[in-house]
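**Student:** got a predicted structure here, sequence first:
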Amino acid sequence: MTTLKVNTIETAPEASKASLEQSVKAFGMLPGLHGVLASSPETLEAYKSLHGLFSNTSFNEEELTVVWQTINVEHECHYCVPAHTGIANMMKVNPDLTEALRNREPMTSDKLQVLHEFTLKVVRNRGHVTQGDLNTFYAAGYEEKQVLEVILGVSQKVISNYTNHIANTPVDSAFQKFVWEAQTL
């Protein structure tokens, strides 16, 4: 098992301390992922910037959750699936959608199913999608803007998912009730 240091504000590099203090103000705690990322102030800043940018895309709360959780589940991230389950609850996302995502079940609407499938194709094929994939995505009501926004979401989640795999980041106590294990396919 691999691990990386989970910094506190006190143990973090000086260049990460202000960012960690902002995290505590925003979340009421220091998320373990932020503590790990703090060892590289640049990576912490990149992750938080991508999170902010992706959160402000044209996607609504359900669509944000579909992109985040589709990637988290596909990457089998033990930390991000419970964290984003809690975040989805805070955003008042339909719990049926959240459970469908966690359990690799069909989405709660056709449009969300298309978003889920397109996101999976982007992740699994490393961005190599077909014109047919794009046409299906567009027919569901999405546009080129959302293609690029899915890629932005993937960028954010690669940082967090891969970090959590290497760090074996402990799930924060606030998200313990949402602990998740990957299903064997």
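**Tutor:** Right, received. Where do you want to start? Residues are numbered from 1 along each chain as shown.
**Student:** residue 44: how many residues sit nearby?
**Tutor:** Here the count is done by other C-beta atoms under 10 Å, and residue 44 has 25 residues near it. Where C-beta positions appear, they are placed from N, C-alpha and C, glycine not excepted.
**Student:** mind checking the SS state of residue 157?
**Tutor:** In the three-state summary, residue 157 is assigned as helix, counting by DSSP: H, G, I helix; E, B strand; the rest coil.
**Student:** surely it and residue 71 touch.
**Tutor:** Yes. Residue 157 lies in contact with residue 71 (C-beta atoms under 8 Å); the separation is 4.1 Å.
**Student:** OK, contacts around residue 37?
**Tutor:** Contacts of residue 37 were listed using C-beta atoms under 8 Å, 6 or more residues apart in numbering, and they are 16, 43-44, 47, 159, 163.
**Student:** equivalent analysis for residue 35, please.
**Tutor:** Residues in contact with residue 35 (C-beta under 8 Å, 6+ apart) are 5-8, 12, 20.
**Student:** and the gap between it and residue 86?
**Tutor:** According to C-beta to C-beta, to the nearest Å, residue 35 stands 17 Å off from residue 86.
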